[in-house]
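[1] Any chance you can model this:
(one chain, ligands or ions: 1)
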Amino acid sequence: MEYGDRPEPSPGVGQVTIRIHSAALNHLDLWVREGWPGLKLPLPHIPGADGAGEIASLGEGVTDWQIGDRVVINANLGCGKCHFCLAGQDNRCADWHLLGETIQGTYAEFVSVPARNLFKLPIEFAFTSAAAAGLVYHTAWHSLITRGNLRAGETILIVGASGGVNTACIAIAKFSGARVIVVGSSKGKLAIADSLGADVLIDRSREEDWSKSVHQATGRKGVDLVVDNVGTTFPLSMKSARKGARILTVGNTGGAKFEIDNRYIFSKHLSIIGSTMGTIKDFHEVMSLVCGGKIRVAVDSTFPLSEARRAQERLQNGEQLGKIALVT
Ligand SMILES: [Zn+2]
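    As a prediction, the model looks like this:
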């Protein structure tokens, strides 16, 4: 990855160009950099899904925004025309793209996006917090609230303490009135879960079968929901679940393939609910709460845009506690 000059983009029809003040990092950025079979990108590629800044110019047909408006970008680029998009399920779009994945992203001074992908920020809300919230809070909200139907009073287990989506899940679950149990890989990683209000902390470096502690913490009942974005931890997640529980997944930081014992699924009446990213409605709902100060955002550190490489190294080494952001 190199820092250098690229032509300034101009907005197409229905688009705006944003002057980026802050971009946030996601694991996705590392995967895109490494590439995968079938991913063919015109190089040089600009990574980055998350960004917040000011509108610098308006494309043809854009009437509801003004130059200088402070905005955060929804990285999900649905076509706006297919039956999924028209039904409000744009994250299932037939021609779906993600900013920074197949489209030039936000590790830049300027980026052009469709105007419908913007959320207006209040004057006092920090660009860094807005960028940091973007993708992970959107994804977590869709998984927990829209798909998982999390309700006040339920007990939720979150496997993983410090990554972007997991910290967003902790913050959203606390806002929703749930009791939150977090399994983390070290005392240091659990500290951030603690600061976001998690009720029970379990250090998995001290106990291999942490489902026992989950049962202890729930009076032997098990939890109503599990957030498992690790994957390889599914066997223990299923053990920790009560009968009829929902297991939510939006990723697999531990690897894509693992074995599960099918008997847990049917004998415990488990629902496994997968999703990826979120809808335009989800984005507006969660960003309204974030900007209103109702849901906290954990920012680990900021780097100048020119040091994006060092920022990615921090992410790759798993040193972060919360989101890493770039500032321009
Ligand atoms: Zn579509």
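[2] C-alpha from now on. contacts and neighbour counts both.
    Fine.
[3] Grab the longest helix from the chain for me.
    Counting residues, the longest helix in the chain under DSSP state H turns out to be helix 127-141.
[4] And the strands in the stretch 101-250 of the chain?
    Counting by DSSP state E, counting those that start in this stretch, the stretch 101-250 of the chain has strands at residues 110-114, 118-120, 155-159, 179-184, 200-203, 223-228, 241-249.
[5] Around the closest residue to residue 94 other than its chain neighbours, how many other residues sit close by?
    Across the structure, with Cα to Cα, 6 or more residues apart in numbering as the measure, the residue nearest residue 94 apart from its sequence neighbours is residue 82 (6.7 Å). Other residues near residue 82 number 15, with proximity taken as other Cα atoms under 10 Å.
[6] Need the pLDDT of the nearest residue to residue 80 once chain neighbours are set aside.
    Counting by Cα to Cα, 6+ apart, residue 80 lies nearest to residue 86, which is 6.6 Å off, once chain neighbours are set aside. Here the pLDDT value assigned to residue 86 is 96.
[7] what separates residue 86 from residue 79, distance-wise?
    In this structure, residue 86 lies at 9 Å from residue 79, with Cα to Cα, to the nearest Å as the measure.
[8] Residue 23 against residue 50, yeah?
    Yes - if you go by Cα atoms under 8 Å, residue 23 and residue 50 touch, sitting 5.3 Å apart.
[9] what residues are shared contacts of the two?
    Shared contacts of residue 23 and residue 50 (Cα atoms under 8 Å, 6 or more residues apart in numbering): 106, 131-132.
[10] Now the buried members of these.
    Those of those that meet the buried threshold are 106, 131-132, by 16 or more other Cα atoms under 10 Å.
[11] Return the closest of those with respect to the ion.
    Within those, distances to the ion taken as Cα to the ion reach their minimum at residue 106, with 22.0 Å.
[12] And what about residue 98, helix, strand or coil?
    With DSSP: H, G, I helix; E, B strand; the rest coil as the basis, residue 98 sits in strand.
[13] now, of the strands of the stretch 101-250 of the chain, which is deepest in the fold?
    The highest mean neighbour count among the strands of the stretch 101-250 of the chain, using mean count of other Cα atoms under 10 Å, belongs to strand 223-228: a mean of 27.
[14] And it, what does it pack against?
    The criterion is 3 or more Cα pairs under 8 Å, 6 or more residues apart in numbering; DSSP states H and E, and the helices and strands that strand 223-228 contacts are strand 155-159, helix 234-240, strand 241-249.
[15] And the pLDDT for residue 158?
    What the model reports for residue 158 is a pLDDT of 98.
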